[in-house]
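> Okay, sequence plus prediction incoming.
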Amino acid sequence: MSLNIHKMMMILNEHADPVMDNQTYNDIIHGRLSLEREIETGSFDDVPISVGKSKWEHIQTDQGEVLYRSLKFLNFQTLFYFIAESLKLQEATNHHCVMTIDELNVDLKLQTKSVQEVTELDLELSEKLNDIYQDTQYFHSVGR
């Protein structure tokens, strides 16, 4: 499961959750609601996260091989969260992708430009971008 308590608490502390109501947010921050207990007891059975085949495609272009994925978002808040978090990640790793935004859709292309191929850096970045996208899907699923 890609969901872990430290990441969730970091996200909740850094940003207002795009769909969580203020009372739930305050309960989590002030310890009245424990995400740790819920994770340990397995009460996240309804979380729409599952292990499966990668949705990234290897595509051959004039500029070499690229890793491509198209993402769809259900609202602006989750789209904005994904963009902000993915840009922070790309800056931190000093490895960037091409992002094309069209309404609530984002197309991503990953390639190590110096060698015009998909490298381990691209694969690692794609997994981290998957995690951020899965977070947005979870946020939306618990929204009111």
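That came in fine, so what should we check first? No experiment lies behind these values; they were computed from the predicted model shown.
> Could you check how far Asp107 is from Leu129?
In this view, Asp107 and Leu129 are 12 Å apart by C-beta to C-beta, to the nearest Å. Any C-beta I mention is one placed from the backbone N, CA and C, and that applies to glycine too.
> For those two, indicate the residue with more neighbours.
More crowded of Asp107 and Leu129, by other C-beta atoms under 10 Å: Leu129, with 24 against 14.
> In which helix or strand does that one reside?
Assigned by DSSP states H and E, Leu129 belongs to helix 120-141.
> per-residue confidence averaged over that helix?
Here helix 120-141 scores 90 as its mean pLDDT.
> Now that helix - C-alpha only, CSV.
Extracted in CSV, the C-alpha atoms of helix 120-141 (Å, rounded to 0.1, in the frame of the first residue of the first chain):
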residue,chain,number,x,y,z
GLU,A,120,16.3,4.6,-13.9
LEU,A,121,15.7,8.3,-13.0
ASP,A,122,12.6,8.4,-15.2
LEU,A,123,11.3,5.1,-13.7
GLU,A,124,11.8,6.3,-10.2
LEU,A,125,10.1,9.7,-11.0
SER,A,126,7.2,7.8,-12.7
GLU,A,127,6.6,5.8,-9.5
LYS,A,128,6.6,8.9,-7.3
LEU,A,129,4.3,10.7,-9.7
ASN,A,130,2.0,7.6,-9.5
ASP,A,131,2.0,7.9,-5.7
ILE,A,132,1.0,11.6,-5.8
TYR,A,133,-1.8,10.8,-8.3
GLN,A,134,-3.1,8.0,-6.1
ASP,A,135,-3.1,10.4,-3.2
THR,A,136,-5.4,12.7,-5.2
GLN,A,137,-7.7,9.8,-5.9
TYR,A,138,-7.9,8.9,-2.3
PHE,A,139,-8.6,12.5,-1.3
HIS,A,140,-11.4,12.6,-3.7
SER,A,141,-12.8,9.3,-2.5
